[in-house]
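Novice: give me coordinates for this.
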Amino acid sequence: MCIWLLVQVAAFLLAFKGIENLAQSDGPLTFSDIFTNPIFRNIVLSLMATLGLYIVASIIFVSLFVPESPPMN
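Specialist: Numbers count the residues shown, from 1 in each chain. Have a look, this model is predicted:
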């Protein structure tokens, strides 16, 4: 869990720095600029895929593999 958290923080930092650099180089930042920059687009898509898979796996794990507690006497 700790490694996953470290990777996510690094990815968010990378995305933030990418937006910052894009805004400094091209002037005012528009919504279309974010998705036309291939490096930033790939970072965002990778981050969304990682978080999405983590959430789906967490939901599946909790709902399918949590044993029912034995009945209380």
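Novice: which residues are in contact with Phe12?
Specialist: With contacts taken as CB atoms under 8 Å, 6 or more residues apart in numbering, Phe12 has the following neighbours: Leu47. In this view, the C-beta of every residue, glycine as well, is placed from N, C-alpha and C.
Novice: average pLDDT for the helix or strand hosting it?
Specialist: According to DSSP states H and E, Phe12 maps onto helix 2-26. Average pLDDT, helix 2-26: 78.
Novice: next structured bit after it?
Specialist: Downstream of helix 2-26, the next assigned helix or strand under DSSP H and E is helix 31-36.
Novice: picking that back up, return the set of buried residues in the helix holding Phe12.
Specialist: Buried residues in helix 2-26, defined by neighbour count with 16 or more other CB atoms under 10 Å: Ala11, Ala15, Gly18, Ile19, Leu22.
Novice: quick check: chain neighbours aside, which residue is closest to the second one?
Specialist: So that's Ala15. Residue nearest to Ala15 in three dimensions, not counting chain neighbours: Ile43, with 5.1 Å by CB to CB, 6 or more residues apart in numbering.
Novice: tell me how many other residues surround that neighbour.
Specialist: Applying other CB atoms under 10 Å, we find 19 residues neighbouring Ile43.
Novice: cool, and Phe40?
Specialist: Applying other CB under 10 Å, we find 19 other residues in the vicinity of Phe40.
Novice: dump the residue contacts of it.
Specialist: If a contact means CB under 8 Å, 6+ apart, then Phe40 has Ala15, Gly18, Ile19, Leu22, Ile34 as its contacts.
Novice: max pairwise distance over the residues you listed: which two?
Specialist: Across the contacts of Phe40, no pair lies farther apart than Ala15 and Leu22, at 10.5 Å, counting by CB to CB.
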